[in-house]
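Engineer: Here's my sequence, what's the structure:
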Amino acid sequence: MELTKTPRIPRRFCFGRGGMQAGCRSLTRPLARPNIRRNAPNLWAISGQRSTLESVEPLLQQLSAIKWLLVFIAAGVFLLVMTFAVLAVNMIAMVKETRRSNSSQSKQAELEDLLASGQSTAAKFTAMEWVQTQPRRAEAHWALAKAHYQLGELSEAKQVLKGLTKVAPEEHYRVDAWLELLESEFAQKRPKPVD
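Structural biologist: Have a look, this model is predicted:
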């Protein structure tokens with residue numbers, strides 16, 4: 001605490017009525033008093049700050065814990081949304097594939113009925129539409145090859161079967177058997193040389 005020296009100016013204090021009276025005495029008093037609150041540390045304020053900091057510290061720890069809890073909740077929500085999105089995309093793809101499969105089964109049944117009833121021309125055009133809409137579907141190529149075969153268009157059937165080996169290489173054993181059948185048909189229909 002720093003005290004400043006100030007000049008003392010005499011003042012008169014009188015007791016009684018009427019101001020300056022005979023029993024007045026002169027007292028000296030400093031002009032300015034040092035401000036203890038401003039210059040000296042306030043012990044009550046310091047202890048109050050310590051108690052405030054001590055009471056705020058658990059609150060800060062709780063806020064930190066809440067922050068991490070919110071981070072984990074946000075990460076969990078993000079993972080949940082991503083999982084839902086992946087499941088939704090897979091479900092949509094599965095529904096589309098199921099529709100294609102059902103459509104393919106109905107087309108295949110329709111083509112088998114047409115081929116069995118001898119309507120090879122209608123079967124050929126239906127199979128051509130099916131191949132155009134679903135070019136990777138092996139059943140469509142098989143139906144088109146069968147329609148060409150029934151119509152006697154053996155070279156077209158052979159081309160379709162060769163295209164089938166590009167689309168579905170796992171069907172090569174069936175395609176090879178059909179190609180042998182077509183070769184034998186070609187051999188029978190070829191004109192024999194005259195001696």
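Engineer: following the biggest helix by length in the chain, which helix or strand comes up?
Structural biologist: Secondary structure assigned by DSSP state H gives helix 43-116 as the longest helix of the chain. For helix 43-116, the following helix or strand on the C-terminal side (DSSP states H and E) is helix 120-133.
Engineer: contact partners of that next one?
Structural biologist: Under the criterion C-beta atoms under 8 Å, 6 or more residues apart in numbering, residues 104, 107, 110-111, 114-115, 137, 140-141, 143-144, 146-148, 150-151 lie in contact with helix 120-133. To be clear about C-beta, it is placed using only N, CA and C from the backbone, and glycine gets the same treatment.
Engineer: Which elements pack onto the helix or strand that comes right after it?
Structural biologist: Using DSSP H and E, the helix or strand that follows helix 120-133 in sequence is helix 138-151. If you count contacts as 3 or more C-beta pairs under 8 Å, 6 or more residues apart in numbering; DSSP states H and E, helix 138-151 packs onto helix 43-116, helix 120-133, helix 154-167.
Engineer: what about residue 143, how many residues close to it?
Structural biologist: For residue 143, the neighbour count with other C-beta atoms under 10 Å is 26.
Engineer: Make sure it is actually in contact with residue 110.
Structural biologist: No: Residue 143 is beyond contact range of residue 110, at 9.3 Å (criterion: C-beta atoms under 8 Å).
Engineer: The residue nearest to residue 189 when sequence neighbours are not counted and residue 62: what is the separation?
Structural biologist: Spatial nearest neighbour of residue 189, excluding adjacent residues (C-beta to C-beta, 6 or more residues apart in numbering): residue 154 at 7.7 Å. Applying C-beta to C-beta, to the nearest Å, the value for residue 154 to residue 62 is 85 Å.
Engineer: which of those two has more neighbours?
Structural biologist: residue 154 (16 against 10).
Engineer: Check whether that one really touches residue 160, as I assumed.
Structural biologist: No: applying C-beta under 8 Å as the test, residue 154 and residue 160 come out as separate, 10.7 Å apart.
Engineer: Give me the common contacts of these two.
Structural biologist: Counting by C-beta under 8 Å, 6+ apart, the shared contacts of residue 154 and residue 160 are residue 148.
Engineer: mind checking pLDDT for the residue nearest to residue 189?
Structural biologist: On the pLDDT scale, residue 154 is placed at 81.
Engineer: what's the burial count for residue 130?
Structural biologist: Residue 130 has 22 nearby residues by other C-beta under 10 Å.
Engineer: Can you check the pLDDT for it?
Structural biologist: Reading off the confidence values, residue 130 has pLDDT 85.
Engineer: do residue 74 as well
Structural biologist: For residue 74, the model assigns a pLDDT of 97.
Engineer: How about residue 7?
Structural biologist: pLDDT at residue 7 comes out at 56.
Engineer: With residue 55 instead?
Structural biologist: Looking at residue 55, the pLDDT reads 77.
Engineer: Residue 66 now?
Structural biologist: pLDDT recorded at residue 66 is 94.
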